[in-house]
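>>> fold the following for me, if possible:
(chains A and B)
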Amino acid sequence: MAKHVLVVDDEKLLLQALVDKLTRAGFVVSTASNGKEGLEAALTSQPDLIVLDIVMPLMDGLTMLTKLRNDHWGKSAKVIILTNLYDPRKITPSLLSTVSDSIVKSDCPLSKVVERIEKVVLK
Amino acid sequence: MGYRSVFNFVAETLTGVKASKAIGKHYSDVVALSLEENPKLKVDCIADVSTMGKSLAMSNHRVLIRSNGILIPISSSASPVRDKDGRVIGFVVILRDVTEERRVDKSKTEFVSLASHQLRTPLTSINWYSEMLLSDDIGKLSSTQHQYAQDIHTSSNRMVKLVNALLNVARLEMGVVEINPEKVDLSDIVKSCIKDLDTDIFTKKLVVTYKCDKAIVGVCVDVKILTIILQNFLSNSVKYCKIRGNIHVSITKDKSLIVIAVSDNGIGIPKDQQKNVFTKLFRADNARFVDSDGSGLGLYIVSEILRQIDGKVWFKSSLKKGTTFFASLPIVGRYRAGNKGLV
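From the prediction side, this is the model:
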């Protein structure tokens, strides 16, 4: 069965590019445009992977991740951080250690993003 | 001791207390200092000088609490005043209002983080969509369409590199770079830097070889820093080599230093321009001619990084024969806290 990926990003164009590319790669993709929506969607639909941006309105990605980790299902949900903020070291190490991968958008071709997503989901 | 005898006009303006009211009072009744990050915590501006008996420039990020409660960022220093027998008979305290400096610092830092995020977002968009066009995701492009999409993609990638270089310059110049040495395998870093340039190496039919001294085992360096040095040296060699040119990377140990050398048989650097090679934005005439895209920031960044980690950079070059760039850095790197990494 096709794997379900939830992409949480407030940048419409980047979100659309990810949806298009992931759909063509055979994933079922759903989206949310901020951490608040993302958290609700994640807890309701329990996707196989959450691709999470950091800087977003209403609720940022790190707050969403913290809340997600407090949930019974969410504490072991697979998450990849996909951001244009450098320095993942700025993220609390204990929180960073709970994610499967972190990618800097502008340094990573879309095809490589998909490869890294596939690697995590299919593991 | 500690009773005020001189109080100038600026001190009146800063503290909001008239000299006539301040003179004769104990200093702590007039000058209230605290810490920027915790204004509730009072700091004594003279106590340390008084116990140690020598001049002290106080650490930054102190604030003066004006009589009306407003906080003013200050830099301060205090010195004991002695009589002819060397006994401390009083103190001179100098307070300087640094509101403007703090404002500039803050806007610089904000600009860097804004640039880091906001400039990259549209660039990522251009990169990803042009990449989808190029990979024929939505149908095959004609050769001209393909070429145009390729040009967009190349330019956008160039822009990402430029943004990264500018951010590195800003961070290095602001002194906020964190240096984080870790145990690494140097040959892995060399290999990955060469791989990044694969396309150009292939197109120009270059021969790239490397040798890492076996004596270098378990060295501690900051991977990002080493990568930036190697990437800059290597990409210059690739740019300025002729078709079928040779590039050699060697990493050796010299006492307590790692020495990186990247040599090529490229166009070389004109003798009269060699002194400017590490100057920000400088590009040699022949370099401009061969490659009009360079930013003139790469070697400046390398030299600035090495200056900050007690390393060195130098080169040998002869025109039309080739160039070797060298960098040396301490084997056991020094950790430095900072609030930003290099990109």
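
>>> and stretch B:125-138, how far out from the chain middle?
Centroid displacement of stretch B:125-138 relative to its chain, using CA atoms, centre = their mean, to the nearest Å, is 33 Å.

>>> oh, I was asking about stretch B:263-275
For stretch B:263-275 - counting by CA atoms, centre = their mean - the centre lies 26 Å from the chain centre.

>>> in that stretch, what's buried?
By 16 or more other CB atoms under 10 Å in any protein chain shown, the buried positions in stretch B:263-275 come out as B:263, B:264, B:265, B:266, B:267, B:268, B:269, B:273, B:274. To be clear about C-beta, it is placed using only N, CA and C from the backbone, and glycine gets the same treatment.

>>> could you do stretch B:122-138 as well?
Buried, per 16+ other CB under 10 Å, within stretch B:122-138: B:123, B:124, B:125, B:126, B:127, B:128, B:129, B:130, B:131, B:132, B:133.

>>> that stretch close to chain A?
Yes - interface with chain A: stretch B:122-138 contributes B:123, B:124, B:125, B:127, B:128, B:129, B:131, B:132, B:135, B:137 (CB under 8 Å from any CB of the partner chain).

>>> residues touching the second one, list them.
This points to residue B:124. A:14, A:84, A:105, A:106 (CB atoms under 8 Å, 6 or more residues apart in numbering or on different chains).

>>> okay, and it sits in which element?
Per DSSP states H and E, residue B:124 falls inside helix B:120-134.

>>> same thing with the last one?
Take DSSP H and E as the rule and residue B:137 turns out to sit in neither a helix nor a strand.

>>> that one touches residue A:24, doesn't it?
Yes - in this structure, residue B:137 is within contact of residue A:24 by CB atoms under 8 Å, at 6.4 Å.

>>> list the buried residues in the host helix or strand of residue B:166.
Assigned by DSSP H and E, residue B:166 belongs to helix B:143-174. Judged by neighbour count (16+ other CB under 10 Å), helix B:143-174 contains these buried residues: B:149, B:152-153, B:156-157, B:159-172.

>>> which of these are close to chain A?
Applying CB under 8 Å from any CB to these, those adjacent to chain A are B:160, B:163.

>>> burial of residue B:182, as a residue count?
11 (other CB atoms under 10 Å in any protein chain shown).

>>> phi, psi of it?
Residue B:182 has phi and psi values of phi -140, psi 160 when expressed as degrees, to the nearest 10.

>>> do the least confident helix or strand in chain A by mean pLDDT and chain B meet?
Lowest mean confidence among the helices and strands of chain A (mean pLDDT, DSSP states H and E): helix A:93-96, at a mean of 80. No - for helix A:93-96, no contact with chain B is found by CB under 8 Å from any CB; the gap never falls below 12.7 Å.

>>> the most centrally placed residue in chain A pairs with what?
With distances taken as CA atoms, centre = their mean, residue A:51 lies nearest the centre of chain A, 1.3 Å away. Here residue A:51 sits in beta bridges with residue A:7, residue A:80, going by DSSP bridges.
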